[in-house]
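*Asks:* All I have is the shape, not the residue letters:
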């Protein structure tokens, strides 16, 4: 998928664990794992807002577009 979720980077920079982050955002640790591992198909704006609030960051700090090799041809 050409959108990469970089929650793991933000968590490491802030010294937050998945369980604590999940609790602060209002997600289950399993759903945070789905986001971290790139298996999510969508993210609600309210969830993205909560993640940015907890991590004190912008959406672009958590989401990165990576060109697909098929897009280059």
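*Replies:* Thanks, I have it. Computed from a prediction, not measured in an experiment: that's the story for all the values here.

*Asks:* Quick one: mean pLDDT over stretch 22-41.
*Replies:* Across stretch 22-41, pLDDT averages out at 95.

*Asks:* same deal with stretch 54-73?
*Replies:* Taken as a whole, stretch 54-73 has a mean pLDDT of 87.

*Asks:* Residues contacting it, please?
*Replies:* Contacts with stretch 54-73, where a contact means CB atoms under 8 Å, 6 or more residues apart in numbering, come from 2-7, 10-11, 14, 16, 21, 24-25, 48, 51-52. Where C-beta positions appear, they are placed from N, C-alpha and C, glycine not excepted.

*Asks:* From those, pick the one nearest residue 31.
*Replies:* residue 25 (9.1 Å; CB to CB).

*Asks:* what's the burial count for that closest one?
*Replies:* Taking other CB atoms under 10 Å as the criterion, the count of residues near residue 25 is 21.

*Asks:* In contact with it, which residues?
*Replies:* Residues near residue 25 by CB under 8 Å, 6+ apart: 32, 47, 50, 51, 54.

*Asks:* go on, residue 31?
*Replies:* Counting by CB under 8 Å, 6+ apart, residue 31 touches residue 22.

*Asks:* swap in the one 5 residues further on?
*Replies:* Contacts were defined as CB under 8 Å, 6+ apart; by that measure residue 36 touches 5, 7, 8, 18.

*Asks:* Now the first one: phi and psi?
*Replies:* What it means is residue 5. phi -90, psi 130 (degrees, to the nearest 10).

*Asks:* How about it: which residues does it bridge to?
*Replies:* Counting by DSSP bridges, residue 5 is bridged to residue 63.
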